[in-house]
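Visitor: quick one: sequence and predicted model below, then my questions.
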Amino acid sequence: MPELKELSRHLEQAEKCISCGLCLYSCPVYAEEQNENFVARGRNRLMKEVIDNREDLAARMRDRFSKCLLCRRCTMVCPQGVRTDLLTIAARAELAKDGLPFPKRDIFRKLLKDRNRMKKVMRSLAKFQWLLPVTKGRGNGVHPLPENTPGIWTRDYMIDKGRSDPFSTETEGKIRHIPLFLAGLGGGRQLPSIASAFLSDEVPEINPPPITAVRRNKRVAFFSGCATEFCFPQAGKSLIRVLNQLGIEVVLPKEQGCCGIPVFAGGDFETAREMALHNLHLFLDLNVDLIVTGCATCGSALKEGWASYLAKGEKEQALFEGFGAHVRDFSEFLIELADFRPLHYRSRLPENTRVTYHDPCHLARYQGVVEQPRKILKQVFRGNFIEMDNNGCCGMGGTFSIDYYSLSKKIAEKKVESIARTGADVVITACPGCMIQLIDNLKRRHLAQRVIDIAEAIEPLPVLEDMVVFESLRTKIAI
């Protein structure tokens, strides 16, 4: 008789399902395939049968649980609030007991678990990425990644260089694509280049605010995440710069590793727990007020994921939950600071740039951070901020976009069409994974929109300018 320990932990979730079917109409996978085996109601029914009859989760069932984005849209519409994401990952853990498929096993246990080894592998890959063709942009020129080019977006840079089109600039950070003849490896996929220098190589561990900043007597640690470290270091540097300008000291611990979410979402709880404990103790020893993340996925892992899946015993559960309570997303943290003292920002993008915002699932539906980034963007861009009419998943879902690339592209099509309808020049988001997915699908459709992190789009007003704006607003209100 199988033990089914992980599924049994969440038995009450499966039993809450009343099979109403509302999840069918919110599931991005069901919208493309109309197969109830791959939607929440179908999986819940299967899991209840397995638990009630103490049956094995056969390997043939693996596809039913891996073909899920974990976007949590089903939970948001469920009248019972069934946490199908908890059940799905628990089922993956049960299936992983029979062994992880290659190459996930080695990637989880030998690469993601060991940041130093991962750095060596990424540096080696960077040396050979010239083999992948560079995607061409306007005028058949190199298609740049603006987030890897210091200063490209600032107004001063544009004036100094006399540029009218920031998107035509040659940069080190490029978008490359896998040739179409390598269809089995995701032929045609557009990928950001691996950075020549990683974030932790370019940024010191202790980053104090400049002497011109009004100090807030706050010290935070920055959990950077893997994609920011290796592909989007400029986004990480922008986040640190903004916080420093606000008078906050930022600590970037060089020994931090992966948050572990690809590992525990893949069912390898033991490896993920070791990774979580390494990061937990590292950050607890830093003597900081809060931990700030610039990655929606990492933030959801730190806030909730560790406690939900990895804790062994009440003491460890309390430790993970206590740590999670001190984690803030970047935009969430900025809004909290505004309660202490009104904050004002300006755009780092060229004047009259039109922007839209993409909600990462791990930020909007896991952390409930929806209005915070919008408050900032509406203040900065005013009428040039355009909401898209699709706030759904982009189709990334971590390894989902690797295992089911064709399906992932179909899901992304609706998002890309929505972006195109806004007429925006730039898509702003808060998740490197979403950035990778959006870059891929926008460029395959030959659309002109660039994708950047929110920290790259804004900067605090200088103190004197900030006070002028604040006094002007206060006078208007008084009148």
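Guide: Arrived safely, thanks for sending. Predicted, not measured: the structure shown is a model, and the values here were computed from it.

Visitor: elements contacting the helix ranked longest in the chain?
Guide: Looking across the chain with DSSP state H, the single longest helix is helix 405-422. On a contact count with 3 or more CB pairs under 8 Å, 6 or more residues apart in numbering; DSSP states H and E, helix 405-422 meets helix 28-33, helix 432-444. From N, CA and C alone the C-beta is placed, and that goes for glycine too.

Visitor: can you pull out the helices in the stretch 51-200 of the chain?
Guide: 62-66, 73-77, 84-96, 104-106, 115-128, 155-161, 199-202 (DSSP state H, counting those that start in this stretch).

Visitor: show me where pLDDT drops low in the stretch 1-150 of the chain?
Guide: Applying pLDDT under 70 to the stretch 1-150 of the chain flags the ranges 1-2, 54-60, 136-150.

Visitor: shaky segments in the stretch 301-450 of the chain?
Guide: 340-341.

Visitor: just to revisit the earlier point, which one of the helices and strands packed on helix 405-422 is the most hemmed in?
Guide: Mean neighbour counts were compared across the helices and strands packed on helix 405-422 using mean count of other CB atoms under 10 Å; the top stretch is helix 432-444, at a mean of 25.

Visitor: which strands and helices sit next to that helix?
Guide: Short answer (3+ CB pairs under 8 Å, 6+ apart): helix 432-444 packs on strand 175-177, strand 190-192, helix 226-230, helix 296-300, helix 405-422, strand 426-429, strand 450-453.

Visitor: so which of the ones you listed gets nearest Val380?
Guide: strand 426-429 (10.0 Å; CB to CB).

Visitor: name the helices or strands packed onto that closest one?
Guide: strand 355-357, helix 432-444, strand 450-453, helix 454-457.

Visitor: what's it in contact with?
Guide: Identification of contacts with strand 426-429 by CB atoms under 8 Å, 6 or more residues apart in numbering yields 349, 353-360, 373, 377, 419, 435, 438, 442, 449-454, 457.

Visitor: can you give me the strands in the protein?
Guide: Counting by DSSP state E, the chain has these strands, from start to end: 175-177, 190-192, 206-207, 218-223, 248-251, 290-293, 327-329, 345-347, 355-357, 426-429, 450-453, 458-460.

Visitor: and the third one, what does it pack against?
Guide: Identification of packing neighbours for strand 206-207 by 3+ CB pairs under 8 Å, 6+ apart yields strand 248-251.

Visitor: for Val370, grab phi and psi.
Guide: Main-chain torsions, Val370, degrees, to the nearest 10: phi -120, psi -50.

Visitor: now do the contacts for the residue nearest the centre of the chain.
Guide: In the chain, the residue lying closest to the centroid (CA atoms, centre = their mean) is Cys431, at 2.6 Å. Each residue near Cys431 by CB under 8 Å, 6+ apart is listed here: Cys295, Ala296, Thr297, Pro360, His362, Leu363.

Visitor: and what of Ala265?
Guide: By CB under 8 Å, 6+ apart, the neighbours of Ala265 are Leu70, Ile89, Arg92, Gly398, Thr399.

Visitor: could you rerun that using 6 Å?
Guide: Ile89 (CB atoms under 6 Å, 6 or more residues apart in numbering).

Visitor: quick revisit: would you mind getting the angle between the longest helix of the chain and helix 432-444?
Guide: Orientation check (axes from the mean of the first three to the mean of the last three CA atoms, to 10 degrees): helix 405-422 against helix 432-444 gives 80 degrees.

Visitor: for the helices and strands packed on helix 432-444, which one sits closest to Arg241?
Guide: Of all the helices and strands packed on helix 432-444, strand 450-453 comes closest under CB to CB, at 12.1 Å.

Visitor: my guess is Ser238 meets Ile458, correct?
Guide: No: the criterion here is CB atoms under 6 Å, and Ser238 misses it with Ile458 at 8.7 Å.

Visitor: the more surrounded of the two?
Guide: Ser238 (25 against 22; other CB atoms under 10 Å).

Visitor: thinking again about what came up before, out of the strands of the chain, nearest to Glu36?
Guide: Glu36 lies closest, by CB to CB, to one member of these: strand 426-429, at 31.1 Å.

Visitor: returning to what we had before: could you dump the helices and strands packed on helix 432-444 to JSON lines with mean neighbour count and distance to Glu205?
Guide: Output for the helices and strands packed on helix 432-444, formatted as JSON lines (neighbours: other CB atoms under 10 Å; distance: least, CB to CB, whole Å):
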{"stretch": "strand 175-177", "mean neighbour count": "20", "distance to Glu205": "31"}
{"stretch": "strand 190-192", "mean neighbour count": "20", "distance to Glu205": "25"}
{"stretch": "helix 226-230", "mean neighbour count": "24", "distance to Glu205": "14"}
{"stretch": "helix 296-300", "mean neighbour count": "29", "distance to Glu205": "19"}
{"stretch": "helix 405-422", "mean neighbour count": "19", "distance to Glu205": "37"}
{"stretch": "strand 426-429", "mean neighbour count": "24", "distance to Glu205": "27"}
{"stretch": "strand 450-453", "mean neighbour count": "24", "distance to Glu205": "22"}
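
Visitor: reformat these as CSV; add distance to Arg117.
Guide: Formatted as CSV, those follow (distance: least, CB to CB, whole Å):
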stretch, distance to Arg117
strand 175-177, 24
strand 190-192, 21
helix 226-230, 13
helix 296-300, 20
helix 405-422, 26
strand 426-429, 29
strand 450-453, 27
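
Visitor: for Ala318, which of these is the nearest?
Guide: helix 296-300 (19.3 Å).

Visitor: out of the helices of the stretch 51-200 of the chain, which is closest to Asn384?
Guide: Nearest of these (CB to CB): helix 155-161, 14.2 Å.

Visitor: just to revisit the earlier point, out of the helices and strands packed on helix 405-422, nearest to Gly324?
Guide: helix 432-444 (20.0 Å).

Visitor: looking at the helices and strands packed on helix 432-444, spot the one closest to Leu199.
Guide: helix 226-230 (4.8 Å).

Visitor: which residues does the closest one contact?
Guide: Against helix 226-230 from outside (CB under 6 Å, 6+ apart): Met122, Ile194, Phe198, Leu199, Ala235, Gly236, Cys258, Gly294, Pro432.

Visitor: the residue nearest to the fourth one when sequence neighbours are not counted: neighbour count?
Guide: In this case it means Leu199. Excluding its sequence neighbours, the residue lying closest to Leu199 (CB to CB, 6 or more residues apart in numbering) is Pro233, at 3.9 Å. Pro233: 23 surrounding residues under other CB under 10 Å.

Visitor: do you know how far Pro233 is from Leu239?
Guide: 11 Å (CB to CB, to the nearest Å).

Visitor: figure out which of the strands of the chain is closest to Arg109.
Guide: Once CB to CB is applied to the strands of the chain, the stretch that comes out nearest is strand 218-223, at 21.5 Å.

Visitor: please save the CA atoms from the closest one in PDB.
Guide: C-alpha atoms of strand 218-223 as PDB (Å, rounded to 0.1, in the frame of the first residue of the first chain):
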ATOM      1  CA  LYS A 218      16.700  51.000   6.700                       C
ATOM      2  CA  ARG A 219      18.900  48.100   5.700                       C
ATOM      3  CA  VAL A 220      17.500  45.500   3.300                       C
ATOM      4  CA  ALA A 221      18.900  42.300   1.600                       C
ATOM      5  CA  PHE A 222      18.300  41.700  -2.100                       C
ATOM      6  CA  PHE A 223      17.300  38.200  -3.100                       C
END
